[in-house]
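Engineer: 3D model of this:
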Amino acid sequence: MIKYKEAILPNGLQILVNRDHASKLAAVNILYKVGARNESEHKTGFAHLFEHLMFRGTHNVPDFDIPVQMACGENNAFTNNDYTNFYITLPKENIETALWLESDRMRNLNLSPEACEAEKQVVIEEFKQRYLNQPYGDEQPLLRDMCYKVHPYRWSTIGISPEHIERATLEDVREFYDLHYRPSRAILSISADMDEDEMIALATEYFSDIEDCGGDIAPVPVEPEQCEPRRLTVERDVPATDITIAFHMGDRLSREFFLGDLASDLLAGGESSRMVNRLVKERGLFSSVNAYILGSLDAGLFIIKGRLMPTTSEQDAEEALWGELRDIMEGNISDYEMEKVKNKFEANILMGEINVMNKAMNLGFYAMTGDLSLLNGEATLYRSITREEVMAFARERFTPNNSSTLIYRAKL
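Structural biologist: You can find the predicted model right below:
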């Protein structure tokens, strides 16, 4: 269990602190509630661009990394469709360095033409390397575009096209910064062996005078219900054919999230899972298989996929994947399988409570979802799931009318 204390500053910044008696390090995590879901379809990739820009330095600190290194710390960041996360670990005696740096770049970021142009080129090159010049690089973007018609989950974090970043103006960049990088859009979480009130006082000292300026956040469009099967076949210069089937499911706070997560692990949670044993080892239809959920804040996707062996026909492969789904729909799940998957979830949750950085990150993430009780309540939720619930979820969601099938065919 992660114990925490919470405070909200008048400017809207949410602060969460945890005292970790076992660690000599302090973890300072700041989560901004901005991801690809907050972008316009004509200006995508901005959240990811800002992950890079935030390390370009400020008018006060030209190089962000140097003070972190001088304080014996490490820092990094990541962006996804729902949020952007920055974190620093350093000796607890130097925690004020982290707070100073994060408060400074919340409002004083260097958005000069030179800094913006440099990071734009980095992001454009990353797009080319990861998506345009990489085998299977456009597989996920193709799937997203087929599954979503109005929701911004239609594009990946990197964006729809590198042209969106290439033609971004300095005004576009500054507008995005002012709108999203401000106290009321941020969650500051800290884990260290320090008194909770002291940590809150330090955070207040560094962040309370930051004005929460910026406009209103546009509502995210709701994806309409899918009412018919969708299919797409493409040919690419890749070594083997992939088949992916995606199904719409509930959002991060719904019970369906946990049911889908458990069902995906029943199917493909490790080398001893049923899909690996049946479809790879026994029948030899695929070289690899997987099942997973996107874990999105808004309504997400349940995805099942496999990479075909050269001797496997697309029809046989697709039928095999549907066969595994039908097995779940019919409730063919042993008590042993249920217990194994639940134990795995519980172990992962417990491991996440050991590391000081994980604690700080988890505090920020669960606050962002809008239900902080999940921080210490997910293990109980997973434990409460029954075979009958998983079967009902599968019957509700694994239907042809709710399916989007991508055949990513290897050229002969």
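Engineer: didn't residue 371 look like it was pressed against residue 253?
Structural biologist: Yes: in this structure, residue 371 is within contact of residue 253 by Cβ atoms under 8 Å, at 5.6 Å. C-beta coordinates here come from the backbone N, C-alpha and C atoms, glycine included.
Engineer: measure stretch 61-79 end to end?
Structural biologist: 23 Å (Cα to Cα, to the nearest Å).
Engineer: Can you tell me the centre-most residue of the chain?
Structural biologist: residue 80 (4.6 Å; Cα atoms, centre = their mean).
Engineer: wait, isn't that residue in contact with residue 35?
Structural biologist: Yes: counting by Cβ under 8 Å, residue 80 touches residue 35, with 5.5 Å between them.
Engineer: can you give me the helices in the stretch 151-300 of the chain?
Structural biologist: 162-166, 170-180, 196-207, 255-268, 274-275 (DSSP state H, counting those that start in this stretch).
Engineer: Walk me through the domains of the chain.
Structural biologist: 5-207, 230-410 (automatic domain parsing).
Engineer: Could you pull up the mean pLDDT of the first one?
Structural biologist: Looking at domain 5-207 alone, the average pLDDT works out to 95.
Engineer: and the spatially closest residue to residue 367 that is not a sequence neighbour, what is it in contact with?
Structural biologist: Computed as Cβ to Cβ, 6 or more residues apart in numbering, the closest residue to residue 367 that is not its neighbour in sequence is residue 187, at 4.9 Å. Residue 187 makes contact with 13, 14, 15, 16, 30, 31, 33, 363, 364, 367, 368 under the criterion Cβ atoms under 8 Å, 6 or more residues apart in numbering.
Engineer: got a list of what residue 168 touches?
Structural biologist: When contacts are counted by Cβ under 8 Å, 6+ apart, residue 168 touches 43, 46, 49, 116, 120.
Engineer: The fourth one contacts residue 174, doesn't it?
Structural biologist: So the one you mean is residue 116. No: counting by Cβ under 8 Å, residue 116 stays clear of residue 174, with 9.0 Å between them.
Engineer: out of these two, which sits in the more crowded spot?
Structural biologist: residue 116 (22 against 13; other Cβ atoms under 10 Å).
Engineer: Quick check: which element contains that one?
Structural biologist: Under the criterion of DSSP states H and E, residue 116 resides in helix 113-127.
Engineer: Just the C-alphas of that helix, formatted as PDB.
Structural biologist: These are the backbone C-alpha positions of helix 113-127, laid out as PDB (Å, rounded to 0.1, in the frame of the first residue of the first chain):
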ATOM      1  CA  PRO A 113      12.900  29.800 -33.300                       C
ATOM      2  CA  GLU A 114      16.200  28.100 -33.100                       C
ATOM      3  CA  ALA A 115      15.100  25.700 -30.300                       C
ATOM      4  CA  CYS A 116      11.800  24.900 -31.900                       C
ATOM      5  CA  GLU A 117      13.400  24.200 -35.300                       C
ATOM      6  CA  ALA A 118      16.000  21.900 -33.900                       C
ATOM      7  CA  GLU A 119      13.500  19.800 -32.000                       C
ATOM      8  CA  LYS A 120      11.100  19.700 -34.900                       C
ATOM      9  CA  GLN A 121      13.900  18.200 -37.000                       C
ATOM     10  CA  VAL A 122      14.600  15.600 -34.300                       C
ATOM     11  CA  VAL A 123      10.900  14.600 -34.200                       C
ATOM     12  CA  ILE A 124      10.500  14.400 -38.000                       C
ATOM     13  CA  GLU A 125      13.600  12.100 -38.200                       C
ATOM     14  CA  GLU A 126      12.200  10.000 -35.400                       C
ATOM     15  CA  PHE A 127       8.900   9.700 -37.300                       C
END
